[in-house]
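> kindly return the folded structure for what I paste below:
(2 chains)
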Amino acid sequence: MQSSDTRIVFDGVSKAFATDKGPLKVVDDVSFCVDSGEFISLVGPSGCGKTTMLNMVAGFIQPSEGSVTLDGTPIRGPSAQRGMMFQEYGVFPWLTIEENIAFGLKLKANRVPAAQRREIVDRYIELMGLGDFRRDYPKMLSGGMRQRLALARSYAVNPEFLLMDEPFGALDAQTRSAMQDLLLNVLQEVGKTVMLITHSVEEALYLSSKILVISARPSRIRRVIEVPFAYPRHPELHDTQEFAELRSEVRDMVMAEYAAQEQQARKSH
Amino acid sequence: MPSSPSAASGPREGATSEPRPEAARGGSRIARLIAWRAFRLLAPWVVLVALWYGLRYSGLFRPQLIPTPDAVAVKFWTLLTRDGLLLDMYMSTQRVFVGVVLGTLCAVPVGFLLGWYRGLRSFMDPLINFFRALPPIALIPLVIVYFGIGETAKVIILFYASFFASVIVMYEGISQISPIYIRVARTLGASEFEIFHRVIIPLSIPHMLTALRVALGVAWATLVASELVAAQQGLGAVIQDASAYFQLDTIYMGIICIGFIALFMDMALRALTRRLLSWQEGSTD
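Here you go, the predicted structure:
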């Protein structure tokens, strides 16, 4: 399963959290690897530990059993090499749009000369279409713009890995699909390895090269789906016969997991 | 809080003639806007002074017990021009200022520590709440024993009052900072120091300003008590002296002065807050 391109390896990873009712296992014996340049989506019922898995790659959480390694070394903490996009964006409200994008570039870990910083900021402001707001505070921005700002801020420090936790969940359908295309465009320009959590099978199929279908709690990998469509991808892909077939196939798998989760919930009540 | 000292602050405004918004009618829109602003600013004071006159002439109280607003205004002018009221105002303001500045200066780092380290907080919480619940006025006798009745004693009491009032605001504010910003900063590569310097400090400024406002309020309340007990100069002393001679107009005047100075300080602080925090949701630029 591992190749020379392999970067991140989950090896027999389990994670349990302490609760009032004793330990709660959210991830159970998960093994997979992420190759350089891959776009991997994790789909499955909510509350099933996907975010926990992403947090382990980010370095916020350590596994209870097994190991998560990057280039063979266990991940111990967060770093600018692994940029994370949060569901709630986390744009800094006290900084202007351009200061938000420049934030990471002023840190010691990835400091660049001022001239180069301005160049990078300008490029992402342009790319994300935020030019009219560069000196405004984020309170002026809509949800979609905040999302683009968070994306620009992550990209500015040029991480090798992009970890995205339902980044488009709060957006309306049009903005969401625009953001997906924007993401694909940016990735086309600067190659990155991406891990994405999403509820949308459609989104996972459209964006990723590989989909992991995750079971209801505790998380196990149910299926690994290699997505056969070549990059660059365009919105017309959604309308093809192949896409539709694969979509309904994957949707059935995911629905089965949702049903399992419902059953579990009923049992525990 | 904005107009809390109002209860005692009417007459000086009333003594000056109020501008009439009707006068501006027919002028430009800007003139009318200014007139409307002025009207909204003065209206509550006018009502207060009217009530005051109403009480004075209602016959419910003996006239000797309620000086008229105009008598108080005249008294203010006499004291200001002849008896060095300005010095008393300066002394009081300066004591409050020094006490509040020292108190909040110490409260900020302590607030950071307590807000950041949960263990330290749960250890210190009962102590801080004990000292905060203790009215600073209750310490005055003790402070007089140790430090006499000079400036040091007053500054110590005011320091105590401001410190405990603001330290709680600080650490509660800091402990409520949303962890998302810290996590974002970490994934962008920020070190612990950078997180403190670039995330925690900017997010603490609103709490610092609130702490300063709370401390100012408490400090004024405490100041007057400490000046009532032992002081040659200061508005509290003016009030205390006047009460010995039953000069009600002077007492009223002193109270109103304190109210207005406190109000102006609070307004200045709010203006500063608006400037510094124009980024906050809901604030208008």
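> what does the stretch 51-200 of chain B put close to chain A?
B:180-181, B:183-191, B:194, B:198-199 (C-beta under 8 Å from any C-beta of the partner chain). (Glycine included, C-beta is placed from N, CA and C.)
> ramachandran angles for the residue in the stretch 151-269 of chain A positioned nearest to chain B?
Chain B sits closest to A:V157 of the stretch 151-269 of chain A, with a gap of 5.7 Å, by C-beta to the nearest C-beta. Here is the backbone geometry of A:V157 (degrees, to the nearest 10): phi -90, psi 0.
> can you report how many residues neighbour it?
21 (other C-beta atoms under 10 Å in any protein chain shown).
> repeat for A:A114
11.
> B:M265 too?
Other residues close to B:M265 by other C-beta under 10 Å number 20.
> that one reaches B:L216, doesn't it?
Yes - B:M265 is within contact range of B:L216, at 5.7 Å (criterion: C-beta atoms under 8 Å).
> any common contacting residues for these two?
B:V96 (C-beta atoms under 8 Å, 6 or more residues apart in numbering or on different chains).
> now do the residue lying closest to the residue of the stretch 151-269 of chain A closest to chain B once chain neighbours are set aside against B:V199, distance only.
In space, and not counting its chain neighbours, A:V157 is closest to A:G104: 3.8 Å by C-beta to C-beta, 6 or more residues apart in numbering or on different chains. According to C-beta to C-beta, to the nearest Å, A:G104 stands 12 Å off from B:V199.
> more neighbours, these two?
Set A:G104 next to B:V199 and count neighbours by other C-beta under 10 Å: A:G104 wins out with 28 against 20.
> and the more buried one, helix, strand or coil?
Classification of A:G104 using DSSP: H, G, I helix; E, B strand; the rest coil returns helix.
> show me what contacts it?
So A:G104 contacts A:80, A:110, A:153-154, A:156-157, B:188-189 (C-beta under 8 Å, 6+ apart).
> let's see 7 Å
A:80, A:110, A:153, A:156-157, B:188-189 (C-beta atoms under 7 Å, 6 or more residues apart in numbering or on different chains).
> and which of the residues of the stretch 51-200 of chain B next to chain A is nearest A:L196?
Nearest to A:L196 among those: B:T187, at 15.2 Å, using C-beta to C-beta.
> ok, the residue lying closest to the closest one once chain neighbours are set aside - contacts?
Spatial nearest neighbour of B:T187, excluding adjacent residues (C-beta to C-beta, 6+ apart): A:M84 at 4.1 Å. A:M84 sits next to A:58, A:163, B:187 when contact means C-beta under 7 Å, 6+ apart.
> and A:M84, that one's in a strand?
Yes - assessed by three-state DSSP, A:M84 belongs to a strand.
> list the beta-bridge partners for it.
A:L163 (DSSP bridges).
> ok so, going back, may I ask which of the contacts of A:M84 has the most neighbours?
Most surrounded of these: other C-beta under 10 Å gives B:T187, at 26 neighbours.
> does chain A sit close to stretch B:258-277?
No - using C-beta under 7 Å from any C-beta of the partner chain, we find that stretch B:258-277 stays clear of chain A, coming within 8.3 Å at best.
> low-confidence stretches in the chain?
In the absence of a named chain, chain A is used. By pLDDT under 70, the weakly predicted segments of chain A are A:1-4, A:47-48, A:269.
> actually it's chain B I care about, not the one you picked
B:1-27, B:229-231, B:282-285.
> hang on, the residue of the stretch 151-269 of chain A closest to chain B packs against B:G189?
Yes - assessed by C-beta atoms under 7 Å, A:V157 is found in contact with B:G189 at 6.4 Å.
> touching both of the two, which residues are there?
A:80, A:104, A:110.
> need the residues you listed in JSON lines with distance to A:L54, can you?
JSON lines is the format used below for these (distance: C-beta to C-beta, whole Å):
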{"residue": "A:A80", "distance to A:L54": "17"}
{"residue": "A:G104", "distance to A:L54": "19"}
{"residue": "A:N110", "distance to A:L54": "21"}
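> and of these, the nearest to chain B?
A:A80 (2.8 Å).
> contact residues of chain A facing chain B?
Close to chain B, as judged by C-beta under 7 Å from any C-beta, chain A has residues A:58, A:60, A:78-80, A:82-84, A:86, A:88, A:90, A:92-94, A:103-104, A:107-110, A:137, A:139, A:157.
> which among the residues you listed end up buried?
Those of the residues of chain A next to chain B that meet the buried threshold are A:58, A:60, A:78-80, A:82-84, A:86, A:90, A:92-94, A:103-104, A:107, A:110, A:137, A:157, by 16 or more other C-beta atoms under 10 Å in any protein chain shown.
> got the contact list for the residue in the stretch 101-250 of chain A positioned nearest to chain B?
At 3.2 Å from chain B, A:A109 is the closest residue in the stretch 101-250 of chain A, using C-beta to the nearest C-beta. A:A109 sits next to A:80, B:189 when contact means C-beta under 7 Å, 6+ apart.
> the residue of chain B found nearest chain A: what secondary structure?
Among the residues of chain B, B:G189 lies closest to chain A, at 2.8 Å counting by C-beta to the nearest C-beta. The assignment at B:G189 comes out as coil when based on three-state DSSP.
> quick check: the residue nearest the centre of chain A vs A:P45, distance?
For chain A, the residue nearest the mean C-alpha position is A:M164 (2.0 Å; C-alpha atoms, centre = their mean). Remark: distance between A:M164 and A:P45 (C-beta to C-beta) = 18 Å.
> could you pull out the helices for the chain?
Using chain A here. A:50-58, A:97-102, A:114-127, A:143-156, A:173-189, A:201-207, A:241-268 (DSSP state H).
> actually chain B
B:11-15, B:29-57, B:69-82, B:85-116, B:118-133, B:140-147, B:151-175, B:179-187, B:192-195, B:201-229, B:235-244, B:248-276.
> burial measure for the spatially closest residue to B:L272 that is not a sequence neighbour, as a count.
Sequence neighbours aside, B:L209 is the residue nearest to B:L272 in space, at 7.0 Å (criterion: C-beta to C-beta, 6+ apart). For B:L209, the neighbour count with other C-beta under 10 Å is 19.
> just among the residues of the stretch 51-200 of chain B next to chain A, which is most surrounded?
B:V184 leads those on contacts (other C-beta under 10 Å) with 29 neighbours.
> tell me the contacts of it?
B:V184 neighbours (C-beta under 7 Å, 6+ apart): A:86, A:90.
> just to revisit the earlier point, wait, the residue nearest to B:L272 sits on B:R274?
No - using C-beta under 7 Å, B:L209 is not in contact with B:R274; the gap is 9.9 Å.
> circling back to that earlier point, so which of the helices of chain B comes closest to A:Y231?
Going by C-beta to C-beta, the one of the helices of chain B nearest A:Y231 is helix B:179-187, 25.4 Å.
> how distant is that closest one from the center of its chain?
36 Å (C-alpha atoms, centre = their mean, to the nearest Å).
> repeat that for stretch A:13-32.
With C-alpha atoms, centre = their mean, you get 21 Å for stretch A:13-32.
> go through that stretch and flag the buried ones.
A:13-16, A:26-30, A:32.
> pick out whichever of those residues sits closest to chain B.
A:K15 (17.7 Å).
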